[in-house]
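Enquirer: with the input below, show me the fold.
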Amino acid sequence: MDEDDLNRIDKVTASTEGVKNRSQFIRQAVRDYLARIEKTAEEEREREIFRRNRHRLHQQALALIKEQAKP
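Expert: From the prediction side, this is the model:
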């Protein structure tokens with residue numbers, strides 16, 4: 001890592017409660033980044049499932065609305 005980034009991390013670490021040192025900051029940053037990547041991948045998988053099944057889901061929704069509209 002370059003010196004500028006390390007200085008920025010040190011500055012944030014010094015002013016952030018609960019962050020003890022540079023290593024802890026970097027570990028948490030990596031965890032957060034990985035979690036964000038994993039969440040994005042999961043959301044994309046879910047979007048693809050909805051795309052593949054949109055016609056069937058639409059038909060099911062219409063049938064449900066029709067059923068609920070009965071007196």
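Enquirer: which single helix of the protein contains the most residues?
Expert: helix 22-68 (DSSP state H).
Enquirer: just checking, what packs against that one?
Expert: Judged by 3 or more C-beta pairs under 8 Å, 6 or more residues apart in numbering; DSSP states H and E, helix 22-68 is in contact with helix 3-15. Placement of C-beta: from N, CA and C, glycine included.
Enquirer: average model confidence for the helix it packs on?
Expert: In this model, helix 3-15 has a mean pLDDT of 94.
Enquirer: alpha carbons of that helix, in CSV - could you do that?
Expert: What follows is helix 3-15 as a C-alpha-only set of coordinates in CSV (Å, rounded to 0.1, in the frame of the first residue of the first chain):
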residue,chain,number,x,y,z
GLU,A,3,2.1,5.9,2.1
ASP,A,4,-0.8,8.2,1.3
ASP,A,5,-3.3,5.4,1.8
LEU,A,6,-1.6,4.3,5.0
ASN,A,7,-1.7,7.9,6.4
ARG,A,8,-5.4,8.2,5.5
ILE,A,9,-6.1,4.9,7.3
ASP,A,10,-4.2,6.0,10.3
LYS,A,11,-6.1,9.3,10.4
VAL,A,12,-9.5,7.5,10.3
THR,A,13,-8.3,4.9,12.9
ALA,A,14,-7.3,7.6,15.3
SER,A,15,-10.6,9.4,15.1
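Enquirer: from R51, how far off is the residue nearest the centre of the chain?
Expert: Computing the C-alpha centroid of the chain and ranking residues by C-alpha atoms, centre = their mean puts K39 first, at 3.7 Å. The gap separating K39 from R51 is 19 Å, by C-beta to C-beta, to the nearest Å.
Enquirer: any idea of the angle the helix or strand bottoming out on mean pLDDT in the chain forms with helix 22-68?
Expert: When the helices and strands of the chain are compared on mean pLDDT, DSSP states H and E, helix 3-15 comes out lowest with a mean of 94. Orientation check (axes from the mean of the first three to the mean of the last three C-alpha atoms, to 10 degrees): helix 3-15 against helix 22-68 gives 80 degrees.
Enquirer: what helices and strands are in contact with helix 3-15?
Expert: Judged by 3+ C-beta pairs under 8 Å, 6+ apart, helix 3-15 is in contact with helix 22-68.
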